[in-house]
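A.B. asks: Build me a model:
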Amino acid sequence: MIIEYIDEKSRFLPIVKDLGRKNSQTLGFFPEGAFEEHAAKGCVIVARARSGKDEFYGYLLYRVVHRGGVWPVGVIVHLCVDEPYRKMGIARALVKKLRSITINNFLRLEVNCRRDYDATDFWPKSGFIYKGETIGRSGHPILRWEMELRQLPLMALMEQSSAQKTRAVIDMNILYRLQDPLPEVFDRDRILSEEAKALQEDWIAEDVVLLITPEAFNEIQRNDNPTERMRRRKFANQFGTVTANFDDVLSLEQRLSIFFSIQSNESDRSDIRQLAYSIKGDALYFITQDRGILKKTEEFHREFGIRILSPGRFIGRLDEIIREVEYLPRRLGGACALTIRRAPSSLISLLFPIYQCGNPEERKSQFESKIRNFIAQSNRYRVELCQKIGSNPLAFIVYDRSDVSELGIPMVRVSRSTLSGTVLRHLLRRAVQLSVKENRPFVRVTDIQAQGGFERSLEECGFTKFKDKWFKISLPVADNLEGILTRLSSLGERFSATMPIVDNLIAELLNAAEEQDSLRLADLERRLWPVRILDANIPNFIVSIMPVWAQHLFDEGIARQTLLGGRDDLLLRNENVYYRSARSGGGILSPARVLWYVTQDKDTPMTSMQVRACSLLDEVIIGRAKDLYSRFE
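C.D. replies: Numbers count the residues shown, from 1 in each chain. This next block holds a predicted model:
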């Protein structure tokens, strides 16, 4: 078979015309006289026998169109293959010949084709991309297909300007989820949609350019709903497109196919083509939520140098690079053996055993999807983990900062260990300190382990249960009762959702003050910590303590200044026992406040000779030293 461009049109056109009329029923043909008009203005490529006889298998008729630009456009007017010779690659050979003779001098190739024709499946397989559609006189959609042969200077300049950014290709499911609203039902699809939409955060756009492949438009074309096709195509046009030589893409597809099972449908083959475009288009990342493809991320990275990641893992990895300092471990509470840091995406799998402590029935994939969603939305959520040096994490906590008035904790989990209760109380206290620092009067815990007495820990830290959630109100102020009541009333008016909690606290404060019940006032001060009620009739005692003991009991600042830090089993505790001689008791009774004065020390001059902490005194017990030590050991 010979594929050749016809110079002597007058000689071959009658044969070509007969071939077109012969197959007009299956392909459609021109009205009377139109063929000659098109042929006179256009060019013809034919496929004929090698024997030299005038035995034609098919032809391609195209026109050269100038639209005011530097380079012309080649418009395919007709492509015809005689019925006995179809499915032998002749049509593709004709298109390939056209591409070879126009690639250096043309901007692109175009063709319009009715959607109900069989050729609709042929164009994308030959490298054409669906670019739009109109309704023909017959009432059928007429699709416009294009094959880019060169980039316009402006497009090349735009691509060059984005070269410094991280290039990441998104697959079709991600594209659709970016466009569609969040599902109303909170299920797996809702979680995946939230994870995908996190890619639209402004801070990501500063360092990442999200791209799609040309194949994305062909995937959109396969939708039978014309309104949906137009909606999807309009949204897809907002994204840049990776460019690659189509022959190179076809060649790579064959190599990629061995990584997948037999492709049973067009969608599977489209996934492979999108990957091929991404690799040949020099994208560093391919972002998908397809579990089957995600399982092959290491294989693809070794073989082709591209990383396949979910949106959560991608943002986590990018976030770790940009915000590297936030992922460095820091001492937890000044304890040397315990550290706390922002959770990197690479450690998600290590968190599942901790999570199972509170929810043994949930599957690992469901849990990891939730955590990836939290990590993906880094401007809203922050996942922190606590771990002992050289061992797996002890706990993790998720912060939600979407509400300016509260610090949300949508999830907190602690592994079973001798430190579990201590670590949880410290994390809760730390969350309250964080809310105070950020001027958020409320802390809300949504999901916490039901086992291990952890609800009691919440109560001890001043949390109140309301509608299956735990709330803590924090007032960072020392004031008289009247001033504190005024502040609480203001909070109740501003944040009506927590009005019942605020009203209850106000009522309890008024009753305790009316009855001059210092025990109840001390308990309410604990629940509103770090508030201090100045006229609550709670005495204050100054107790001196050496720096070496302060660093182990309460002073994180001193502990951080020392090489070995404080003892984690003491420093993280909410409660401790302080022993002293009964003869020098000084009339200390509970309830009271203890102001800890750290004595002079040459090794810690910046933190000594100061009142460094304030404790609430729960109880004073007098007895034999041996008995007391045995009781509180």
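A.B. asks: ok, now how distant is Arg520 from Thr486?
C.D. replies: According to C-beta to C-beta, to the nearest Å, Arg520 stands 20 Å off from Thr486. C-beta: built from backbone N, CA, C; applies to glycine.
A.B. asks: what stretches of the stretch 351-500 of the chain score poorly on pLDDT?
C.D. replies: The model of the stretch 351-500 of the chain has pLDDT under 70 over residues 355-362, 389-390, 449-453.
A.B. asks: all strands for it, in order.
C.D. replies: All strands of the stretch 351-500 of the chain, identified by DSSP state E, counting those that start in this stretch, fall at 381-388, 393-400, 406-414, 442-445, 464-466, 469-473, 478-479.
A.B. asks: Serialize these to a markdown table and add fields for distance to Leu13.
C.D. replies: Below are the strands of the stretch 351-500 of the chain laid out as a markdown table (distance: least, C-beta to C-beta, whole Å):
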| stretch | distance to Leu13 |
| --- | --- |
| strand 381-388 | 69 |
| strand 393-400 | 73 |
| strand 406-414 | 73 |
| strand 442-445 | 80 |
| strand 464-466 | 86 |
| strand 469-473 | 81 |
| strand 478-479 | 99 |
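A.B. asks: Columns distance to Gln274 and mean neighbour count on top of those, output as JSON lines?
C.D. replies: Listed next are the strands of the stretch 351-500 of the chain as JSON lines, based on distance: least, C-beta to C-beta, whole Å; neighbours: other C-beta atoms under 10 Å:
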{"stretch": "strand 381-388", "distance to Gln274": "30", "mean neighbour count": "21"}
{"stretch": "strand 393-400", "distance to Gln274": "33", "mean neighbour count": "23"}
{"stretch": "strand 406-414", "distance to Gln274": "34", "mean neighbour count": "23"}
{"stretch": "strand 442-445", "distance to Gln274": "42", "mean neighbour count": "22"}
{"stretch": "strand 464-466", "distance to Gln274": "49", "mean neighbour count": "15"}
{"stretch": "strand 469-473", "distance to Gln274": "43", "mean neighbour count": "21"}
{"stretch": "strand 478-479", "distance to Gln274": "62", "mean neighbour count": "14"}
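A.B. asks: returning to what we had before: which one's more surrounded, Arg520 and Thr486?
C.D. replies: Of the pair Arg520 and Thr486, Arg520 is the one with more neighbours under other C-beta atoms under 10 Å, namely 17 against 11.
A.B. asks: hang on, isn't the more buried one packed against Glu514?
C.D. replies: No. Arg520 lies out of contact with Glu514 (C-beta atoms under 8 Å); the separation is 10.6 Å.
A.B. asks: residue contacts, the residue nearest the centre of the chain?
C.D. replies: In the chain, the C-alpha nearest the mean C-alpha coordinate belongs to Ala376, at 2.5 Å (C-alpha atoms, centre = their mean). The contact partners of Ala376, by C-beta atoms under 8 Å, 6 or more residues apart in numbering, come to Glu194, Glu195, Ala198, Leu199, Pro311, Gly312, Ile315, Gly316.
A.B. asks: With Ile348 as the reference, measure out to it.
C.D. replies: Where Ile348 is concerned, Ala376 sits at a distance of 11 Å (C-beta to C-beta).
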